[in-house]
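S.K.: fold the following and give me the result.
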Amino acid sequence: MLSKHPWIISAVLAGILVAWLASGSINGNAGDEQGKKEESIAPAPIKVRVQTMHAQPVDQNISLYGRTEPNREVTLKSEVDGRVVEILKRRGEPVETGEALLKIALNDRPQLLQHARAELAQRQLEYEGASSLNTKGFQGKAEVARKKALLKESQARVAALQREISNTVISAPFAGIMLERNVEVGDYLSVGASVATIVDLDPLVVRGDVTQQDIRHLHVGQQAIMTLASGEKHVGKIRYLSSVADEETNTFRVEVALANSDGHLLGGLSVNLQIPLKQIQAIKITPALMALNEAGVIGIKWVKDGKVQFTPIDVVRSDSDGTWIRGLEEEAQVITVGQAFVREGDTVETSSDDTGDS
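M.R.: Numbers count the residues shown, from 1 in each chain. Okay, the predicted model is just below:
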């Protein structure tokens, strides 16, 4: 019967097709609306923990390693030949300026001096007699000049022997410590033989080297703080700055003088030298708070108005328990947990760190 009425079949198929197309359009519109709703929902902000830190006035300084050394050091040498007959000072003992350290045998020097003095007296008389005769016209000028030359020769001989006798006693040229003594009683010394080493430890000098960037901040008379390995601190002043850099290291020598009247500070110690420059505002952090940005720069991530900020590290001073940096605001919410998961500009949700304010 349907085969006799094909139009009925066509109408049914057309109705089914229209219904199928209509259902697809409806489902498509519903999917678009769902996608738009999903796009309109913003991602949830990342949660981080922050610690409110406050800037404090900090002394910006130059830090360098130095070594203590004597103010002066001299090696005494014998100026005469002879045998050592007496030792007056031992190694390590303090000495005063002009104090005798040891004695060398006089031998026949006193007798030679007596003879030279007698000869000097004779030539003095001869010169005076020749001068008197010359004024009366009985003595020529040439003879007077010869007598005068002989007189000067005798005077020089007496002075030389007096100096030799004086040099048989070797004395300290300045107050200090006898660091070394190279001779014993009975040793024979020739001219130029090393006898002893004297050091002056007051003031004590700390020698260090500063970079080309730091030398321009320093001047003679500037205060410096020396810290020993034990933690003991002493204050001194810069007494010398090199005007020419070392050819190998391109650094400049600096010397700091420290009062050491009681001699308790020793030479040859390795020390830390801090030279204060000026006071600036800085925040103290630990290495655990440091993070890298996308460019690989080390810095600190902190939050302002809900947005992550990034400040590169600008070190003012390093202590044993942290590092002082500048560049942040006087009060900053520094990210303590989660800094590795956020970038500069991200919106974050903060919670206070239990460690408290800094």
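
S.K.: what ranges of the stretch 101-250 of the chain fall below the confidence cut-off?
M.R.: Scanning the stretch 101-250 of the chain for pLDDT under 70 picks out no residues.

S.K.: how about the helices in it?
M.R.: Taking DSSP state H, counting those that start in this stretch as the test, the helices found in the stretch 101-250 of the chain are 109-135, 141-167, 212-215.

S.K.: turn those helices into JSON lines, columns for mean neighbour count.
M.R.: Any C-beta I mention is one placed from the backbone N, CA and C, and that applies to glycine too. Converted to JSON lines, the helices of the stretch 101-250 of the chain look like this (neighbours: other C-beta atoms under 10 Å):
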{"stretch": "helix 109-135", "mean neighbour count": "15"}
{"stretch": "helix 141-167", "mean neighbour count": "15"}
{"stretch": "helix 212-215", "mean neighbour count": "14"}
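
S.K.: JSON lines for these, including distance to Phe252?
M.R.: Listed next are these as JSON lines, based on distance: least, C-beta to C-beta, whole Å:
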{"stretch": "helix 109-135", "distance to Phe252": "51"}
{"stretch": "helix 141-167", "distance to Phe252": "41"}
{"stretch": "helix 212-215", "distance to Phe252": "5"}
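
S.K.: find me the pLDDT at Lys37, would you?
M.R.: For Lys37, the pLDDT comes out at 50.

S.K.: now the one 4 residues further on
M.R.: Per-residue confidence at Ile41 stands at 58 (pLDDT).

S.K.: now swap in Gly296 and tell me
M.R.: 85.

S.K.: am I right that it sits in a helix?
M.R.: No. Assessed with DSSP: H, G, I helix; E, B strand; the rest coil, Gly296 is coil; it does not lie in a helix.

S.K.: contacting residues around it?
M.R.: Taking C-beta atoms under 8 Å, 6 or more residues apart in numbering, we find Gly296 in contact with no residue.

S.K.: likewise for Val210?
M.R.: Residues 62, 64, 218, 251-252, 254 are the ones in contact with Val210 under the rule C-beta under 8 Å, 6+ apart.

S.K.: go on, Gly236?
M.R.: Neighbouring residues of Gly236 by C-beta under 8 Å, 6+ apart: 203, 206, 223-226, 256-259.

S.K.: tell me what it is bridged to.
M.R.: In this structure, Gly236 bridges to Ala224 when assessed by DSSP bridges.

S.K.: which parts of stretch 70-86 are buried?
M.R.: Using 16 or more other C-beta atoms under 10 Å as the test for burial, stretch 70-86 gives 70-71, 74, 76, 78-80, 82, 84.

S.K.: make CSV out of those and add distance to Val316, secondary structure and pLDDT.
M.R.: Formatted as CSV, the buried residues of stretch 70-86 follow (distance: C-beta to C-beta, whole Å; DSSP: H, G, I helix; E, B strand; the rest coil; pLDDT from 0 to 100):
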residue, distance to Val316, secondary structure, pLDDT
Pro70, 34, coil, 96
Asn71, 33, coil, 96
Val74, 43, strand, 97
Leu76, 49, strand, 97
Ser78, 56, coil, 96
Glu79, 56, coil, 96
Val80, 61, coil, 96
Gly82, 63, strand, 96
Val84, 59, strand, 97
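
S.K.: of the residues you listed, closest to Glu331?
M.R.: Asn71 (48.5 Å; C-beta to C-beta).

S.K.: buried among the contacts of Gly236? Make that a PyMOL selection.
M.R.: Those of the contacts of Gly236 that count as buried under 16+ other C-beta under 10 Å are selected in PyMOL with:
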select buried, resi 203+206+224+225+226+256+257+258
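
S.K.: filter the contacts of Gly236 down to the ones in strands?
M.R.: When DSSP state E is applied, those are split such that 206, 223-226, 256-258 fall in strands.

S.K.: for this structure, longest strand please?
M.R.: Longest strand in the chain, counting by DSSP E: strand 270-285.

S.K.: that strand to strand 223-227, inter-axis angle?
M.R.: 100 degrees (axes from the mean of the first three to the mean of the last three C-alpha atoms, to 10 degrees).

S.K.: quick one, what contacts Ala116?
M.R.: By C-beta under 8 Å, 6+ apart, the contact list for Ala116 reads 154, 157-158, 161.

S.K.: max pairwise distance over those: which two?
M.R.: Maximum distance among these (C-beta to C-beta): 10.9 Å, for Ser154 and Leu161.
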